[in-house]
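Undergrad: got a predicted structure plus its sequence, pasted below:
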Number of protein chains: 2
Amino acid sequence: MKKIIIASTSTLYNSGYLEYLFPTLANHFKNVKNLIFIPYARPGGISHETYTEKARDAFSKIGINVKGLHEFENPVKALESAEGIFTGGGNTFLLVHQLYKNNLIEAIQNAVKSGTPYLGCSAGSNICGLTMETTNDMPIVYPPSFKTLSFVPFNINPHYLDPAEGSTHMGETRETRINEFHAFNSQPVVGLREGSWLEVKGDYIVLKGELSARIFEQGKPAYEVTPETDLSHLN
Amino acid sequence: MKKIIIASTSTLYNSGYLEYLFPTLANHFKNVKNLIFIPYARPGGISHETYTEKARDAFSKIGINVKGLHEFENPVKALESAEGIFTGGGNTFLLVHQLYKNNLIEAIQNAVKSGTPYLGCSAGSNICGLTMETTNDMPIVYPPSFKTLSFVPFNINPHYLDPAEGSTHMGETRETRINEFHAFNSQPVVGLREGSWLEVKGDYIVLKGELSARIFEQGKPAYEVTPETDLSHLN
């Protein structure tokens, strides 16, 4: 059975890395002693080593060891026998580029389908949707495809931001961008505000955290759903 | 000789479409009676017809007729004999996708190299750089390449936004995103604030408008340049 946490962000303002998720993660990864971290999204261009150190430091606080996927000679095999998987945030284009380059899309899908618990934050959450086409990131590299892991039957927009009141900036709001997406694509989009996450257990998908999420369906006005809403039938 | 206007935005807050550029455009297109408009970026998903109507309405105020490129049976031929070209803003992924699909990249390059005056706004400016990899847009469709027209030897970031003071949002700032770009790419990036544009005459490139622009070069701290700065040697 799939067991997945899809978090809008790794870090809340004025809080430590993953700190707000520790109680959730201690439960989600309760049978995990050794977690594999996928550092490919490299936020700010930091190295795989530096990024893995950051994840290692956070997970040490809940008694879990972390090894970076880049440390394994055979990453496909490493994922096959992983106890748990965490994909960190950063740049989604870079992440997806690296996943395809290393033939890891199917390996992650197989591991998660067979019950390996998965955590994604930000870019690591974007890839849980059908495509990465609702990422907020800059296209700094050209991936071979925008198709992603399809763990949920819709797309994710992490770090969802409401329009800034009184802004004089003429660039598109997040909602405008997602509406443009729906001019050419039919799958729903879940706008996850920072502090929100989706919990997936098999086919059951529920909104967690204290905030509402914004749901965009093609041809309908966007609407809000409150925490604990069952999103299993959104597709 | 190349004659190009690369504008950050089509529209300033509390002002009409293209209005702030009218004096510049009246001069830039002074020998043009019939302008070809490329509506492919479809802001908000609007139709080619609706978008062309908007451009037509604006240019009528400076005595120039507008025809949408989608109205021509042979768009490649239409560009060959164009008196002037304007590519409107919207979604850069969609725009680039359509340009490749219709084999128009080379046609626009040839027209501009032979002296046909060109105006780009927002997405239409992004494509004037070496690649579209510093666009702010959502990747709503998958283009066959991120390479663009290369009218200038660097990349453009239109609608450049300074970090919001006191923001608690944890998503990346524009500067962070451009720094991530430079972890993997070497060309400079010109961050054009709304109200700024570049004027290109042959190999001469100069910043216009009232605001400074922010220049990002790989391995250097970002810096500001004032209006009338010659950017010809930035590469």
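TA: Received it, and whenever you're ready, just let me know what you need.
Undergrad: show me what contacts residue A:191?
TA: A:157, A:160, A:174, A:178, A:213, A:214, A:215, A:216, A:222 (CB atoms under 8 Å, 6 or more residues apart in numbering or on different chains). No exception for glycine: its C-beta is placed from N, CA and C like everyone else's.
Undergrad: hey, which helix or strand in chain A has the poorest pLDDT?
TA: helix A:174-182 (a mean of 94; mean pLDDT, DSSP states H and E).
Undergrad: chain center to the lengthiest helix in chain A, what's the gap?
TA: The longest helix of chain A (DSSP state H) is helix A:48-60. Averaging C-alpha positions (CA atoms, centre = their mean, to the nearest Å) puts helix A:48-60 17 Å from its chain's average.
Undergrad: likewise for stretch A:150-170?
TA: 14 Å.
Undergrad: what are the buried residues along it?
TA: Buried residues in stretch A:150-170, counted by 16 or more other CB atoms under 10 Å in any protein chain shown: A:150-161, A:170.
Undergrad: for these, give me TSV that also has pLDDT, secondary structure and distance to residue A:204.
TA: Shown next, in TSV, are those (pLDDT from 0 to 100; DSSP: H, G, I helix; E, B strand; the rest coil; distance: CB to CB, whole Å):
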residue	pLDDT	secondary structure	distance to residue A:204
A:150	98	coil	16
A:151	98	coil	12
A:152	98	coil	11
A:153	97	coil	13
A:154	98	coil	14
A:155	98	strand	19
A:156	98	strand	17
A:157	97	strand	21
A:158	96	coil	21
A:159	95	coil	25
A:160	95	coil	22
A:161	91	coil	28
A:170	79	coil	42
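Undergrad: now do stretch A:106-116: everything it contacts.
TA: In contact with stretch A:106-116 (CB under 8 Å, 6+ apart) are residues A:1-4, A:75-76, A:79-80, A:82-85, A:99, A:118, A:149-151.
Undergrad: one more time with 6 Å, if that's ok
TA: Contact with stretch A:106-116 is made by A:1, A:2, A:76, A:79, A:82, A:85, A:118, A:149, as judged by CB atoms under 6 Å, 6 or more residues apart in numbering or on different chains.
Undergrad: what about the second one, distance to chain B?
TA: For residue A:2, the distance to chain B equals 26 Å [CB to the nearest CB, to the nearest Å].
Undergrad: likewise for the first one?
TA: Note on residue A:1: its distance to chain B, by CB to the nearest CB, is 31 Å.
Undergrad: swap in the fifth one?
TA: As defined by CB to the nearest CB, residue A:82 lies at a distance of 27 Å from chain B.
Undergrad: list the contacts of that residue.
TA: With the criterion set at CB under 6 Å, 6+ apart, residue A:82 makes contact with A:36, A:111, A:116.
Undergrad: go again using 10 Å as the cut-off
TA: A:32, A:34-36, A:67, A:69, A:72, A:107-108, A:111-112, A:116-118 (CB atoms under 10 Å, 6 or more residues apart in numbering or on different chains).
Undergrad: out of the residues you listed, which is nearest to chain B?
TA: Of all the contacts of residue A:82, residue A:69 has the smallest distance to chain B: 18.9 Å, by CB to the nearest CB.
Undergrad: which helices and strands sit right next to the least confident helix or strand of chain A?
TA: In terms of contacts (3 or more CB pairs under 10 Å, 6 or more residues apart in numbering or on different chains; DSSP states H and E), helix A:174-182 is packed against strand A:155-157, strand A:189-191, strand A:213-216, helix B:92-101.
Undergrad: got the angle for the longest one vs helix B:48-60?
TA: Computed with axes from the mean of the first three to the mean of the last three CA atoms, to 10 degrees, the direction of helix B:92-101 lies at 100 degrees from that of helix B:48-60.
Undergrad: list the buried ones in helix B:92-101?
TA: Quick answer for helix B:92-101 (16+ other CB under 10 Å): B:92, B:93, B:94, B:95, B:96, B:97, B:98, B:99.
Undergrad: can you add pLDDT and give those residues back as a markdown table?
TA: Formatted as a markdown table, those follow (pLDDT from 0 to 100):
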| residue | pLDDT |
| --- | --- |
| B:92 | 98 |
| B:93 | 98 |
| B:94 | 98 |
| B:95 | 98 |
| B:96 | 98 |
| B:97 | 98 |
| B:98 | 98 |
| B:99 | 98 |
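Undergrad: next one: the most centrally placed residue in chain A from chain B, what distance?
TA: Nearest to the mean C-alpha position of chain A, counting by CA atoms, centre = their mean, stands residue A:125 at 0.9 Å. Using CB to the nearest CB, residue A:125 is found at 13 Å from chain B.
Undergrad: could you find the closest non-adjacent residue to that residue?
TA: residue A:6 (4.5 Å; CB to CB, 6 or more residues apart in numbering or on different chains).
Undergrad: note down every partner strand of the helix or strand harbouring that neighbour and its orientation.
TA: Using DSSP states H and E, residue A:6 sits in strand A:3-7. The strands beside strand A:3-7 in its sheet (DSSP bridges) come out as strand A:118-121 (parallel), strand A:197-201 (antiparallel).
Undergrad: please name whichever of those strands is nearest to residue A:230.
TA: strand A:197-201 (10.7 Å; CB to CB).
Undergrad: isn't residue A:173 right up against residue A:162?
TA: Yes: counting by CB atoms under 10 Å, residue A:162 is a contact partner of residue A:173 at 8.3 Å.
Undergrad: in chain A, where is pLDDT below threshold?
TA: Scanning chain A for pLDDT under 70 picks out no residues.
Undergrad: mind running it again at 80?
TA: A:164-166, A:170-171 (pLDDT under 80).
Undergrad: I'd like the distance between residue A:212 and chain B.
TA: Distance from residue A:212 to chain B, by CB to the nearest CB: 17 Å.
Undergrad: equivalent analysis for residue A:221, please.
TA: 15 Å.
Undergrad: follow-up on the earlier one: for the helix or strand encompassing the residue nearest to the centre of chain A, output the C-alpha coordinates as PDB.
TA: Take DSSP H and E as the rule and residue A:125 turns out to sit in helix A:123-126. The C-alpha trace of helix A:123-126 is given here as PDB (Å, rounded to 0.1, in the frame of the first residue of the first chain):
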ATOM      1  CA  ALA A 123      10.100  20.000  -5.800                       C
ATOM      2  CA  GLY A 124      10.000  16.500  -4.200                       C
ATOM      3  CA  SER A 125       6.200  17.000  -4.000                       C
ATOM      4  CA  ASN A 126       5.800  18.400  -7.400                       C
END
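Undergrad: now do that helix: which elements does it pack against?
TA: Helix A:123-126 packs on strand A:3-7, strand A:34-38, strand A:84-87, helix A:92-101, strand A:118-121, strand A:155-157, going by 3+ CB pairs under 10 Å, 6+ apart.
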